[in-house]
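A.B. asks: return a 3D structure for these sequence lines:
(one chain, ligands or ions: 1)
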Amino acid sequence: MVFYPFYTDYKNNRFLKDGAPFQFVSGSIHYSRIPRFYWKDRLLKMHMTGLNAIQIYVPWNYHETVQGVYKFSGDQDLEHFLDLANQTGLLVILRPGPYICAEWEMGGLPAWLLQKPNIILRSSDPDYLQAVSNWLAVLLPKIRPWLYINGGNIISVQVENEYGSYFACDYNYMRHLRTLFRFFLGEDVVLFTTDGNTDREMICGTLEGLYATIDFGTDTNFTTAFSRQRRFEPRGPLVNSEFYTGWLDHWGDKHAQVDTQKVSKMLGDMLSMGANVNMYMFEGGTNFGYWNGADHDSRFRSVVTSYDYNAPLSEAGDPTEKLLAIRDVIKRFFPVPEGPMPPATPKFGYGFVNLQKVGNISSLLDKLSPQGPIKSQHPLTFEEIKQYYGFVLYRTKLPRTLAEATPLITPLNGVHDRAYVSVNGVYQGLLERDITLVIKVMGQAGDQLDILVENMGRVNFGTKINDHKGLLGNLILGKDVLTDWQIYPLDIDGAIANGWPHSGFKHTFPSAKNNSSAGPVFYMGTLDSPGLAWDTFLKLRGWTKGQVWINGVNLGRYWPVRGPQQTLYIPGPLLSASRPNNITVLELEKAPSETRVLFMDRAQLNSTNKKS
Ligand SMILES: CCCC/N=C1\SC[C@@H]2[C@H](O)[C@H](O)[C@@H](O)CN12
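C.D. replies: Numbers count the residues shown, from 1 in each chain. I've put the predicted structure just below:
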């Protein structure tokens, strides 16, 4: 009898690995949400929990942020991550998409796809399929040597992601993907799909030749769910590809928590019936930079910076009670490695650091937009000017004197996502997608109208993933359509990575009349460590909303007035134990009178109280 290294034994409803029955107990971990230096730490804790596999996504936009420019080194070094997993005795369930959802920016799809007007994402749209084929022709050959059947540790590969939940239900698209995956990975690797627990999802998301699996959490009757899987796979192993151990947070939500007892009880029940289970998430990590996604059901809701997910390993990689309970369950079915669970990494509260004003964006354009503005009669989107993330400044002149407060309107809800409005550097207020479509401004004819637009993360699920950013249409001021725009792409991250504002720049804060603490203003400071570089958590009590960089690394967004997240996680190795640590804050709305921040030794992720 020929033993394939890893395959689906339909006769006995199980997987076989090296000829022996195999049941996976796996956990999701996202390497794109954990700095490289902590990958081994997290993987070792997952191994010590008794997991025999991990499940990972490959975010296309993380590796091809700019079309045709591929990144597979440093924090993008996928093969190094696979190797560390292999060294740690962990098999891998790979989910390369090309769409991945994951509360990740545009579900992992690169924003440059939107430069094709009216492209139909996740379909057999020729422009989309061409881009997908080009990407997979780069990625999948890198994956092939890592397949278990070729001596590596990847036991199975998912095609697309919950495709059945998408409106298109385009079988030709899924057939195209199946052809590409088979062409590059061979005929013997186990390919599968994952869909939600409804008939429509399983009908539109599954395809012959791809093993159909299902996902559900503790609020679902697992017998019912697995019987639905059986209707699509009458033979073969039972698989829950995403057993939700927790859930995600949007800004303004109450912090999501899933009961440990429910998780461990249902895990035990599923394992005892021989099902294969992957826990989503096991280690969530952080949406550093601008990588968070968003949802758009009744309205646009951006996902917070922390992807703690109330998971068994915390955002900072600390083992939780939930992990210990899960390990106790796993012990009933599998051998769990002997020895202690690796401890939480040390945390330190460095205390308060005072910050000083650097300047508002309109006074710093020489640094932040050195190539100068793009001139256009009407506003252009982020994608049209080929800037995909972060912030763009839109500038024009008031066409007439506004002796009284006059409405500034986005008639088609065209601000994506937040616009901070100033006249001659004086902050007037903000327009917010789906929430605030008009504000009032005043000024003289010819005054400078500055509108800073923030991309809060592209929608990652549902019909609105074609999520263009910027000013998507004209703005109307009183009875005038505003025209003659100067549009400044802002490379804030590039300027900060090159040392601004800490090294060598003279800070010229504009005249006193602009010395308001309202509106988009940069602040800077330095943290002097007492000789250690330990994990810490940054709390911006009294600040409103903005972005933080430390030693040139973009830590993500803060928004304490919305919550529930109140602190930003700072991995210790980003800090220097001996040199000053450069802090840069972009406060978008209003800073406190005392402009200081606090480095704490613990996270605060569950407080929507503005005073917290
Ligand atoms: C009711 C909406 C279901 C959308 N699916 C979700 S929300 C959290 C998780 C992650 O996004 C994951 O990437 C999805 O596959 C499944 N899922």
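
A.B. asks: stretch 138-154: end-to-end distance?
C.D. replies: End-to-end distance for stretch 138-154: 18 Å, by CA to CA, to the nearest Å.

A.B. asks: in it, what counts as buried?
C.D. replies: Under the neighbour-count criterion of 16 or more other CB atoms under 10 Å, stretch 138-154 has 139-140, 142-143, 146-149, 152-154 buried. C-beta here means a position set from N, CA and C on the backbone, and glycine is covered the same way.

A.B. asks: helices along the chain, start to end?
C.D. replies: Secondary structure of the chain (DSSP state H): helices at 39-49, 60-63, 78-87, 126-143, 171-185, 199-205, 222-232, 260-272, 321-331, 365-368, 492-497.

A.B. asks: point out the most buried one among the ones you listed.
C.D. replies: Among the helices of the chain, the stretch with the highest mean neighbour count (mean count of other CB atoms under 10 Å) is helix 60-63, at a mean of 23.

A.B. asks: check whether that helix comes near the ligand.
C.D. replies: No. Between helix 60-63 and the ligand, judged by CB under 6 Å from any ligand atom, nothing touches; the nearest distance is 13.7 Å.

A.B. asks: what of stretch 286-303?
C.D. replies: No. Judged by CB under 6 Å from any ligand atom, stretch 286-303 stays clear of the ligand, getting no closer than 7.9 Å.

A.B. asks: what is the neighbour count of residue 605?
C.D. replies: 22 (other CB atoms under 10 Å).

A.B. asks: got a list of what it touches?
C.D. replies: Contact analysis of residue 605 by CB atoms under 8 Å, 6 or more residues apart in numbering lists 249, 255, 306, 308, 315, 564-567.

A.B. asks: also residue 181?
C.D. replies: Applying CB under 8 Å, 6+ apart to residue 181 gives the contacts 136, 140, 157, 159, 189, 191.

A.B. asks: now do whichever residue of the stretch 451-600 of the chain sits closest to the ligand against residue 367, distance only.
C.D. replies: In the stretch 451-600 of the chain, the residue found nearest to the ligand is residue 461; the distance is 5.1 Å by CB to the nearest ligand atom. Per CB to CB, to the nearest Å, residue 461 is found 37 Å from residue 367.

A.B. asks: for the helices of the chain, give me JSON lines that also has mean pLDDT.
C.D. replies: Converted to JSON lines, the helices of the chain look like this (pLDDT from 0 to 100):
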{"stretch": "helix 39-49", "mean pLDDT": "98"}
{"stretch": "helix 60-63", "mean pLDDT": "99"}
{"stretch": "helix 78-87", "mean pLDDT": "98"}
{"stretch": "helix 126-143", "mean pLDDT": "98"}
{"stretch": "helix 171-185", "mean pLDDT": "98"}
{"stretch": "helix 199-205", "mean pLDDT": "97"}
{"stretch": "helix 222-232", "mean pLDDT": "98"}
{"stretch": "helix 260-272", "mean pLDDT": "98"}
{"stretch": "helix 321-331", "mean pLDDT": "98"}
{"stretch": "helix 365-368", "mean pLDDT": "96"}
{"stretch": "helix 492-497", "mean pLDDT": "98"}
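
A.B. asks: can I get the ones you listed in a markdown table including distance to residue 446?
C.D. replies: Formatted as a markdown table, those follow (distance: least, CB to CB, whole Å):
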| stretch | distance to residue 446 |
| --- | --- |
| helix 39-49 | 55 |
| helix 60-63 | 41 |
| helix 78-87 | 53 |
| helix 126-143 | 43 |
| helix 171-185 | 52 |
| helix 199-205 | 56 |
| helix 222-232 | 64 |
| helix 260-272 | 62 |
| helix 321-331 | 60 |
| helix 365-368 | 19 |
| helix 492-497 | 28 |
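
A.B. asks: okay, stretch 116-124 in CSV with CA atoms only?
C.D. replies: In CSV, the C-alpha atoms belonging to stretch 116-124 read as follows (Å, rounded to 0.1, in the frame of the first residue of the first chain):
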residue,chain,number,x,y,z
LYS,A,116,-8.5,49.8,-12.0
PRO,A,117,-11.9,51.6,-12.0
ASN,A,118,-14.8,49.3,-11.2
ILE,A,119,-12.7,46.2,-10.7
ILE,A,120,-14.7,43.4,-9.3
LEU,A,121,-12.6,41.9,-6.5
ARG,A,122,-12.8,38.2,-5.7
SER,A,123,-14.2,37.3,-9.1
SER,A,124,-13.2,36.2,-12.5
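
A.B. asks: for that stretch, which positions count as buried?
C.D. replies: Neighbour counts over stretch 116-124 (16+ other CB under 10 Å) mark 116, 120-123 as buried.

A.B. asks: does it reach the ligand?
C.D. replies: No. On the criterion CB under 6 Å from any ligand atom, stretch 116-124 is out of touch with the ligand, staying 13.2 Å away.

A.B. asks: how distant is that stretch from the center of its chain?
C.D. replies: 22 Å (CA atoms, centre = their mean, to the nearest Å).

A.B. asks: how about stretch 196-209?
C.D. replies: The chain centre lies 26 Å from the centre of stretch 196-209; the measure is CA atoms, centre = their mean.

A.B. asks: contacts for that stretch, please.
C.D. replies: With contact meaning CB under 8 Å, 6+ apart, stretch 196-209 is reached by 159-160, 162-166, 169, 171, 174-175, 178, 182, 191, 193-195, 212, 214-216, 220, 224-225, 228-229, 231-232.

A.B. asks: for the stretch 251-400 of the chain, which residue gets nearest to the ligand?
C.D. replies: Closest contact between the stretch 251-400 of the chain and the ligand, by CB to the nearest ligand atom, is at residue 280 (6.4 Å).
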